[in-house]
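Peer 1: give me coordinates for this.
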Amino acid sequence: MMKVMNGKKMIGCMSLMMAVAGFTACSSSDDVTEGKGTTPENTSYLWSTDNGLKACDHILFDEKGNESISGSVIGNGDQEFVFKGKQTLKKGTYLLKGWVYIADGAQLTIEPGTIIKGNKDTKASLITERGGQLIAKGTAKEPIVFTSEQAAGNRKPGDWGGVILCGKATNNQTEMQIEGGPRTKHGGNNDTDNSGILEYVRIEFAGYPFQKDKEINGLTLGSVGSGTTIDHIQVSYSNDDSYEWFGGTVNCRHLIAYHGWDDDFDTDNGYSGNVQFGLSVRDSKIADTSQSNGFESDNSADGSAVSPYTTATFSNITFVGPKLDTQFTNSVDYITGGSMNPNNGAALGKFQAAMQIRRNSRLNCHNSVVLGWPIGLLLDNQKGDTQGAATAGSLKVNNVYFAGVDAVGTDANKLYDDVLVTEYDSNGKPVTDKTQKSFSATWFPKQNGNKVFANISDLAFTANGYIPSPTSPVLNAANFSSLSSWFSKVNYIGAFAAADSWIDSWTNFDPQNTKY
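Peer 2: Predicted structure coming up:
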């Protein structure tokens, strides 16, 4: 065993690194500036209606909702507005008001370096509907930023709505209503559908609670097809999940979930895409009343055996849990939201598992690392037969290292004891056999390449908490023999090689204090 790293020193170093990363990504203004958006050749605004909502072929307005081809406000100020044209937003700073729908046939392009602030009063959200496209292609030096309109130092999770992409790919419910309140439906039979490009994009302080338990996520993907590009995305301080997929086939790379409220990567309703290179980092003071997880994965809400199954494959993910805070206790007395509590009705709870797979999901995870979570793996069999899928090999967790977890596995939601769940009583409460270990804890170490380490420091990560040092055992542990050719075949598990740089320049780990 290696000597345990001093936790306070590690956290202090991580904080310093994050602050530096944040300052390198800052802009110099806290005001909304003229956006100078380009428009179609016809500079007159063509108005219509769309299911009772005002619709227009132009998307920019002035602060009073008047037509303005060089305006700085996205949307006319109505709670719901439909954009039906093709337009490019030139680099600048804009204010997003209301729920702005990019309708079927419309295309909104956003230039690199653009900053879009979400209006709190209107729960501002940008929603790409089936057949519409959002082209937000930033660069490492000039990322596109969706953030709060509140001043530096006053931002909270849920300051605005979020970004939603909806497409025509398959899900296991045929046609679905997107969650969070907007009118938009998603789903179809075109698995190669293209909803646009999100590349080098940050989404900060999203997740306004439309109703109790009906928040918009940081980035929501509803039946998005594989023709869509999702690469280099950072979601920070979301008031719900950082990312959630409802069906679809879209493939994603380089995803960061930073200090989210609920789950980091939530997969549902037959999502079958691939995801490689992901980092989730938790704030030890923020967890949801439903119990926060790294993965939360369902096939369907009732656990039914409907196809397509949720069969997404994740590889090279690093889950940094709350236990990197050496003062952490998994209790409501400690998990208060701290300075980030928005006091908007979002209820706090406890941390649960790095991976909760349930309700007939057949999620797969390979070549990944879990650090400092209360529970490593929770294969929940209350609805459906997730454990049966694991036994049959249709759910795979291979080449995954757990370090510093309290329990390798448990078998039921909100159950923290490593005991076997044998059934559920008439009230839906788990019945346990305390003489046996949980199915999850027994199954995990038997899978190819999986290992459990007592201490976080056993993995020899550098002071920031998630980059491996040159002596780390994760660096030559990868195995891609069972994965498709889509995956980049690196030699390390987790999100990073030693001295890796894919988070450099475009990320911001201190968005609270950034002056936009």
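Peer 1: how about the strands of the stretch 401-516 of the chain, start to end?
Peer 2: 407-410, 420-424, 430-433, 451-453 (DSSP state E, counting those that start in this stretch).
Peer 1: ok, which of these comes nearest E142?
Peer 2: strand 451-453 (39.7 Å; CB to CB). Using the backbone N, CA and C atoms, a C-beta is placed for each residue, glycine as well.
Peer 1: direction included, what does the closest one pair against?
Peer 2: The strands that strand 451-453 pairs with in its sheet are strand 397-403 (parallel) (by DSSP bridges).
Peer 1: contacting residues around the strand it pairs with?
Peer 2: Outside strand 397-403, the residues within contact range by CB atoms under 8 Å, 6 or more residues apart in numbering are 354-355, 364-372, 376-377, 390, 408, 444, 447-456, 458-459, 473-474, 477-479, 482, 493-494.
Peer 1: would a markdown table of the strands of the stretch 401-516 of the chain with mean pLDDT and mean neighbour count be doable?
Peer 2: Converted to a markdown table, those look like this (pLDDT from 0 to 100; neighbours: other CB atoms under 10 Å):
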| stretch | mean pLDDT | mean neighbour count |
| --- | --- | --- |
| strand 407-410 | 98 | 25 |
| strand 420-424 | 97 | 16 |
| strand 430-433 | 98 | 16 |
| strand 451-453 | 98 | 18 |
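Peer 1: out of those strands, flag the one nearest D231.
Peer 2: For the strands of the stretch 401-516 of the chain, the distance to D231 is smallest for strand 451-453, at 29.7 Å, taking CB to CB.
Peer 1: so how far is that closest one off the chain centroid?
Peer 2: Using CA atoms, centre = their mean, to the nearest Å, we find the averaged C-alpha position of strand 451-453 to lie 26 Å away from the chain's own average C-alpha position.
Peer 1: how about the residue most central in space within the chain, what does it touch?
Peer 2: Per CA atoms, centre = their mean, the C-alpha nearest to the average position across the chain is that of Y243, at 2.4 Å. For Y243, the contacting residues are N217, G218, L219, L221, I233, V235, L255, A257, D264, F265, D266, by CB under 8 Å, 6+ apart.
Peer 1: again, 7 Å this time
Peer 2: For Y243, the set of contacting residues under the criterion of CB atoms under 7 Å, 6 or more residues apart in numbering consists of N217, G218, L219, V235, L255, A257, F265, D266.
Peer 1: ok, the last one touching S238?
Peer 2: What it means is D266. No - contact between D266 and S238 fails when scored by CB atoms under 7 Å: they sit 10.8 Å apart.
Peer 1: comparing the two, which residue is more hemmed in?
Peer 2: Neighbour tally, D266 and S238, criterion other CB atoms under 10 Å: the higher count belongs to S238, 30 against 23.
Peer 1: how close does the more buried one get to I286?
Peer 2: S238 sits at a distance of 10 Å from I286 (criterion: CB to CB, to the nearest Å).
Peer 1: what sits in contact with each of the two?
Peer 2: Taking CB under 7 Å, 6+ apart as the contact criterion, the residues that touch both S238 and I286 are W261.
Peer 1: what segments of this protein are helices?
Peer 2: Remark: helices of the chain, listed N- to C-terminal, are 7-24, 386-392, 439-443; assignment by DSSP state H.
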